[in-house]
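*Asks:* Kindly return the folded structure for what I paste below:
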Amino acid sequence: MLLRLIAIGNKMPAWINEGFQEYAKRLPLGYKLKLIEIPAEKRSKQVDIKRLTESEGEKILSLIKPGNLVISLDVLGKSWSTPQLAEGLQKWHDASLDVDLLVGGPDGLSANCLQKSQLKWSLSPLTLPHPLVRVVIAEQLYRAWSIIQKHPYHR
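*Replies:* Purely as a prediction, here's the structure:
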């Protein structure tokens, strides 16, 4: 099973990259977590945010693999408990589905990305620092796997 985190933004702080990689490498061979970064569009006071978000969305959509389950990270999405995520992860794995997780830029995902998604996931009603989302997703996927395997990590 390939889990691809397709995210707007690059040049993250070292601790973000290290945190993401730490959890990604903990997953076993049957579960691979890959980060695909797309540079954010330049923002200024004069820029049309809707147009900018649509442009970033087109780049994200061009990377989605046909047949993959598409999940958008969105504040208006459904909140999942870790056991619910584990249940979903198990189902996707058993169905041999690969998953594309979409993370927008500072202004979120385009309407087209949200429309393309089969599921919308909200990590929290809190506003999280954009880079931190990558680490939270990686850790939660590892934790969900640990629940499936009855590994002691999830206690």
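*Asks:* Centre of the chain to the helix or strand that contains Tyr23, how far?
*Replies:* Assigned by DSSP states H and E, Tyr23 falls within helix 14-26. Using Cα atoms, centre = their mean, to the nearest Å, the distance from the centre of helix 14-26 to the centre of the chain it belongs to is 14 Å.
*Asks:* can you give me the helices for the chain?
*Replies:* For the chain, the helices defined by DSSP state H occupy 14-26, 49-63, 82-94, 111-116, 130-148.
*Asks:* on that earlier part again, how many degrees apart are the helix holding Tyr23 and helix 130-148 in direction?
*Replies:* 20 degrees (axes from the mean of the first three to the mean of the last three Cα atoms, to 10 degrees).
*Asks:* which residue packs closest to Arg26, ignoring adjacent ones?
*Replies:* Tyr142 (5.1 Å; Cβ to Cβ, 6 or more residues apart in numbering). Where C-beta positions appear, they are placed from N, C-alpha and C, glycine not excepted.
*Asks:* any idea how far Ala86 is from the one you found?
*Replies:* 11 Å (Cβ to Cβ, to the nearest Å).
*Asks:* what does Lys34 give?
*Replies:* 20 Å.
*Asks:* Between the two, which is the more surrounded one?
*Replies:* Ala86 (21 against 11; other Cβ atoms under 10 Å).
*Asks:* and the most centrally placed residue in the chain, what is it in contact with?
*Replies:* The residue lying closest to the centre of the chain (Cα atoms, centre = their mean) is Leu101, at 3.7 Å. Contacts for Leu101 (Cβ atoms under 8 Å, 6 or more residues apart in numbering) come out as 3-6, 71, 73, 121, 137.
*Asks:* quick one: low-confidence parts of this structure?
*Replies:* Judged by pLDDT under 70, the chain has its weakly predicted residues at 154-155.
*Asks:* Longest strand in the protein, please.
*Replies:* Using DSSP state E to define each element, the chain has its longest strand at strand 69-79.
*Asks:* Just the buried positions in it, please.
*Replies:* 69-74, 77 (16 or more other Cβ atoms under 10 Å).
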